[in-house]
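Asker: kindly generate the corresponding structure for this input.
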Amino acid sequence: MKKPSDENLQMLKDLIGLGESSSKKTYYSELQDKISEIEVEKNKYKQIFENSPIGIIQIDINNNMLMANSSIIKLCGFSNEKEFIDNYNNNAFTFFKTKEEESIFFEQLKKTKNITNYETAVLGFEKEIIVVLNGCFNNNIFELFIQDITQIKKLLSQLLQSQKLESIGTLAAGISHDFNNILGILFGNIELSLEQINSPEKISRNLEEMKIASKKAQEIVKQLLSFSRNSSLEKKPLYLNSIIKESIKLLRSSIPKSIEIIVKLNEKEKAISANPTQMHQILLNLATNSMHAMEETGGTLKIETSEVYLDKEELQHYYGLNKGYYLMLTVSDTGYGIPKEIKDKIFDPYFTTKPLGKGTGMGLSVVNGIIQSHNGIITVYSEVNKGTVFKILLPVVEEIPVEEKNKAIYDQKGNETVLLVDDEEQLLKIETKILEHLGYKVISFSDSEDALIYFSQNYSNIDLRYDNAENKRKRIIRKDDFNK
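Answerer: Residues are numbered from 1 along each chain as shown. Sure, this is the predicted structure:
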């Protein structure tokens, strides 16, 4: 190889900043400055990583954890990073409810590069920790940001329960009016029957009227219990039409006759994954708001369902939704409307235009929160003195809801010995008569302690125990279950 001349060698030295006459003599110091800057940025990132109140972890494509910050280590109850990583890599715990869910999450993250607000739970500890995951995927590394929302979920559940009770308070006047009517039917027919004691046909007709009225009362109580109980927020496939029909039964007695209710439901509806109690809450809340907007002037409350498909173009109008089929619930009224200057505030917590005692301002805020937790969206259109239209979009699912069938009591005949416990004396009498009519031998108690003593001494003679005493969950226990 030919050796470069002294002149060419000097030119090379000048170019890389080593020669005496180089115009780039500051290159080395600039390089050092750049390295220092990178070190500063690296330390900044390290400080953010370590001091972040949100848990941060890095996992490779083989699901081996590489690093974790102090927040997630503390949340999961470990003392140091090595112990935490070793336990994760040895499958001692997981950030998902099932291995299948974990696999689907990481496959999706690999495809989309980003996943936001994914709710799941950290399993493998004495108590369940509910978390929200935000993740990104770069250079074959998964980075997960983990926020503990266990306490938030508890507070949300309490808020929802409080708001449900507020809604029931709104409905109370109409429901009490219905019950007064039912009691009037019952007492009236009882009085007639006592007067017509020698006319079995008339008494039979009176009893039929009482039966119809009692069933109506039973239905109202059933709907109230379904709506007001502090149930879990678990979602399941359901048809919204059935929820709407149930809610309308509660609403009709509370809404003035000057307000017409029109219901138009899509007969070919698809299921949604939802919590039934929360769906009741949305409907009752929007409907009572509409009622308040029309209670002075009267008008029309319209509830409709339809199916829509959102393509790429449509999604521009609905931020946060994905392409696909959605169930659209529309609740509209012809009330006084929402002024333009406050329309953007109606979903804010505690914002209300109602007078003191008429509302807390949490109704629409809670509705919005429920819809967001169901991966849906709510929009509002309103004109003053013309009315308001709320539209809710909820993603449909392919699963078919499981029907809950009630067995007819009078088909369950038998000849077993039943231990019956009920602290309401009159109910105890009628329950005893019904069971004896069906062929059972009944031993009844109004006191749970007395029943328990009898049960312990006569265990072998009892085939079935029915317990409906106060502060006890109603339950039927067969003899085969006694040892379970």
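Asker: what about the stretch 351-484 of the chain, any weak spots by pLDDT?
Answerer: Applying pLDDT under 70 to the stretch 351-484 of the chain picks out residues 351-363, 403-412, 465-484.
Asker: send me stretch 106-123 as CSV with only the CA atoms.
Answerer: What follows is stretch 106-123, C-alpha atoms only, in CSV (Å, rounded to 0.1, in the frame of the first residue of the first chain):
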residue,chain,number,x,y,z
PHE,A,106,-48.5,-8.2,24.7
GLU,A,107,-49.4,-9.4,21.2
GLN,A,108,-51.6,-6.4,20.8
LEU,A,109,-49.0,-4.1,22.1
LYS,A,110,-46.4,-5.5,19.7
LYS,A,111,-48.8,-4.7,16.8
THR,A,112,-50.1,-1.3,17.8
LYS,A,113,-46.9,0.0,19.6
ASN,A,114,-49.1,1.7,22.2
ILE,A,115,-52.0,0.7,24.6
THR,A,116,-53.6,3.1,26.9
ASN,A,117,-55.9,2.8,30.0
TYR,A,118,-56.0,-1.0,30.1
GLU,A,119,-57.6,-2.0,33.4
THR,A,120,-56.5,-5.3,35.0
ALA,A,121,-55.3,-6.7,38.4
VAL,A,122,-52.0,-7.7,39.9
LEU,A,123,-52.5,-11.3,41.1
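Asker: can you point out the buried residues in that stretch?
Answerer: 106, 109, 115, 118, 120, 122 (16 or more other Cβ atoms under 10 Å). The way it works is simple: take the backbone N, C-alpha and C, and place the C-beta from them, glycine included.
Asker: so how far is it off the chain centroid?
Answerer: A distance of 20 Å separates the centroid of the chain from that of stretch 106-123, by Cα atoms, centre = their mean, to the nearest Å.
Asker: domain map for the protein?
Answerer: 6-49, 52-148, 155-395, 409-481 (automatic domain parsing).
Asker: would you format these as TSV with distance to Pro401 included?
Answerer: TSV is the format used below for the domains of the chain (distance: least, Cβ to Cβ, whole Å):
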stretch	distance to Pro401
domain 6-49	45
domain 52-148	21
domain 155-395	5
domain 409-481	25
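Asker: that older thread, show me the buried residues of stretch 106-123 that map onto helices.
Answerer: Judged by DSSP state H, the buried residues of stretch 106-123 include 106, 109 as members of helices.
Asker: the stretch 151-300 of the chain: helices as residue ranges?
Answerer: Per DSSP state H, counting those that start in this stretch, the stretch 151-300 of the chain carries helices over the ranges 200-228, 240-252, 276-294.
Asker: among the buried residues of stretch 106-123, which one sits closest to Asp311?
Answerer: Ile115 (22.2 Å; Cβ to Cβ).
Asker: correct me, but the closest one touches Leu109?
Answerer: Yes: counting by Cβ atoms under 8 Å, Ile115 does reach Leu109; the two are 5.1 Å apart.
Asker: shared neighbours of those two, anything?
Answerer: Common contacts of Ile115 and Leu109 (Cβ atoms under 8 Å, 6 or more residues apart in numbering): Gly135.
Asker: could you dump the buried residues of stretch 106-123 into JSON lines with pLDDT and distance to Tyr336 added?
Answerer: Converted to JSON lines, the buried residues of stretch 106-123 look like this (pLDDT from 0 to 100; distance: Cβ to Cβ, whole Å):
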{"residue": "Phe106", "pLDDT": "90", "distance to Tyr336": "52"}
{"residue": "Leu109", "pLDDT": "90", "distance to Tyr336": "48"}
{"residue": "Ile115", "pLDDT": "88", "distance to Tyr336": "43"}
{"residue": "Tyr118", "pLDDT": "86", "distance to Tyr336": "41"}
{"residue": "Thr120", "pLDDT": "85", "distance to Tyr336": "44"}
{"residue": "Val122", "pLDDT": "81", "distance to Tyr336": "49"}
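Asker: and which of the buried residues of stretch 106-123 is nearest Ile378?
Answerer: Tyr118 (21.4 Å).
Asker: between the buried residues of stretch 106-123, which is nearest Gly184?
Answerer: Using Cβ to Cβ, those come closest to Gly184 at Thr120, 53.4 Å.
Asker: list the residues that contact the closest one.
Answerer: 95-97, 101, 105, 130-131, 133.
Asker: mind redoing it with 10 Å?
Answerer: Thr120 sits next to 94-98, 101-102, 105, 129-133, 146 when contact means Cβ atoms under 10 Å, 6 or more residues apart in numbering.
Asker: of those residues, buried ones?
Answerer: Buried among these (16+ other Cβ under 10 Å): 94-96, 105, 129-133, 146.
Asker: of the helices of the stretch 151-300 of the chain, which is nearest Asn51?
Answerer: Of all these, helix 276-294 sits nearest to Asn51, with 36.9 Å by Cβ to Cβ.
Asker: how far away from the center of its chain is the closest one?
Answerer: 16 Å.
Asker: same thing with stretch 202-222?
Answerer: Centre-to-centre, stretch 202-222 and its host chain are 35 Å apart (Cα atoms, centre = their mean).
Asker: can you offset everything so residue one is 675?
Answerer: That works, and once the first residue is 675, the last one we named lands at stretch 876-896.
Asker: residues contacting the nearest residue to Ile803 once chain neighbours are set aside?
Answerer: In space, and not counting its chain neighbours, Ile803 is closest to Val796: 4.2 Å by Cβ to Cβ, 6 or more residues apart in numbering. Contacts for Val796 were tallied using Cβ under 10 Å, 6+ apart; they are 729, 746, 749-750, 767-771, 802-805, 820, 822, 824.
Asker: same thing with Asn763?
Answerer: Asn763 touches 733, 736-740, counting by Cβ under 10 Å, 6+ apart.
Asker: over to the residue nearest to Pro911 when sequence neighbours are not counted. Which of the three states is it?
Answerer: Closest residue to Pro911 apart from its sequence neighbours, by Cβ to Cβ, 6+ apart: Glu1073 at 4.0 Å. Assigned by DSSP: H, G, I helix; E, B strand; the rest coil, the conformation of Glu1073 is coil.
Asker: Glu1073 is in contact with Tyr913, isn't it?
Answerer: No: counting by Cβ atoms under 10 Å, Glu1073 stays clear of Tyr913, with 11.2 Å between them.
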